[in-house]
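here is a sequence together with a model predicted from it:
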Amino acid sequence: MSIDKSQIRNASTVIVLRDRFESPRILMGQRGAKAVFMPNKFVFPGGAVDAGDADIPLASPLPDLCAARLSEDADATLAHAIAVAAVRELWEETGLILGTKGDWDTPPPPDWETFAATGHLPAASALQFSFRALTPPGRPRRFDARFFLVDADDIASDLDDFDAACDELSHLQWVPLSEARSFDMPFITEVVMAEVEARAKDRSPPQSVPFFKNNDEESLFLRLHGTPMKG
């Protein structure tokens, strides 16, 4: 039986890593008790790709290596929207800015008005595609989630100022990487955490990306090596 892709939403998740060479910490928050998807769990900021994300210009694109990894076993035209969603979700859920100073050429859509008001343009060059996971069948919502690792030094705003965040995540905090596993988190977040720990002191994009692929027949743990870029 094949996967009904109409029931699966593409999503972006952002793992911000701070003080990676001294005492690494990651940014996490807690989902609400009434949330349909993973209530009460501590998670990284992220969410579904919106239709309008494909039309948002980026001041800088994804690294070529990451774009190639994203295009494997996927529609390559989605890479831009997935990157834009990562920047947008990080802003909405934490108030942190991944972007560069600049003015928008055209008025931003409603979802981007507060971001644009900070005087920044969204940028994706700091995003490192590091993990992909497909929600198993039987869940109330299913996502094809791409996880991006970002060095906190690439954030353009105050790392401790969450005032602009929406209320989707509570208890936003910088969690020591060594203590993160003591938090109540989804299984897949624990799996991703192991990948973050392994890459904490490596600032280069991964040469291959783990893909936890769940379909109706089986669960597969694959590695994405990338589709060659056309040029």
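In hand now; what should we look at?

mind checking the SS state of Leu159?
What DSSP: H, G, I helix; E, B strand; the rest coil gives for Leu159 is coil.

name the nearest residue to it, sequence neighbours excluded.
Leaving aside its chain neighbours, Leu159 sits nearest to Ala152 (5.7 Å; criterion: C-beta to C-beta, 6 or more residues apart in numbering). Yep, even glycine has a C-beta here, placed from its N, CA and C like the rest.

wait, isn't the one you found in contact with Glu22?
No - here Ala152 does not reach Glu22: they are 11.7 Å apart, not a contact under C-beta atoms under 8 Å.

among these two, which residue is more densely surrounded?
Under the neighbour definition other C-beta atoms under 10 Å, Ala152 and Glu22 were set side by side, and Ala152 has more, 18 against 7.

how close does the more buried one sit to Leu96?
9 Å (C-beta to C-beta, to the nearest Å).

what do those two both touch?
Each of 16, 159 lies in contact with both Ala152 and Leu96 under the rule C-beta atoms under 8 Å, 6 or more residues apart in numbering.

which other helices and strands does the lengthiest helix in the chain contact?
The helix spanning the most residues in the chain, taking DSSP state H as the definition, is helix 79-94. Applying 3 or more C-beta pairs under 8 Å, 6 or more residues apart in numbering; DSSP states H and E, one finds that helix 79-94 contacts strand 8-18, strand 25-31, strand 46-48, helix 64-71, helix 113-117, strand 120-122, strand 142-151, strand 169-176.

got the buried residues for the first one?
Of the residues in strand 8-18, those scored as buried under the neighbour-count criterion (16 or more other C-beta atoms under 10 Å) are 8-18.

likewise for the fourth one?
For helix 64-71, the neighbour count (16+ other C-beta under 10 Å) marks 65-71 as buried.

helices or strands next to it in the packing?
Secondary-structure packing of helix 64-71 (3+ C-beta pairs under 8 Å, 6+ apart): helix 79-94, strand 128-134.

so how far is it off the chain centroid?
Relative to the chain's own centre, helix 64-71 is displaced by 14 Å; criterion: C-alpha atoms, centre = their mean, to the nearest Å.

can you show me the CA trace of it as PDB?
Below are the C-alpha coordinates for helix 64-71, written out as PDB (Å, rounded to 0.1, in the frame of the first residue of the first chain):
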ATOM      1  CA  ASP A  64      24.000  23.800  -2.400                       C
ATOM      2  CA  LEU A  65      24.800  20.600  -0.500                       C
ATOM      3  CA  CYS A  66      21.700  20.900   1.700                       C
ATOM      4  CA  ALA A  67      19.500  21.700  -1.300                       C
ATOM      5  CA  ALA A  68      20.800  18.500  -3.000                       C
ATOM      6  CA  ARG A  69      20.000  16.400   0.100                       C
ATOM      7  CA  LEU A  70      16.500  17.900   0.200                       C
ATOM      8  CA  SER A  71      15.800  17.000  -3.400                       C
END
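
and the angle from it to helix 79-94?
Helix 64-71 runs at 100 degrees relative to helix 79-94, counting by axes from the mean of the first three to the mean of the last three C-alpha atoms, to 10 degrees.

name the nearest residue to Trp104, sequence neighbours excluded.
Using C-beta to C-beta, 6+ apart and skipping the chain neighbours, the partner closest in space to Trp104 is Ala116 (5.2 Å).

again with Leu90
Val14 (4.6 Å).
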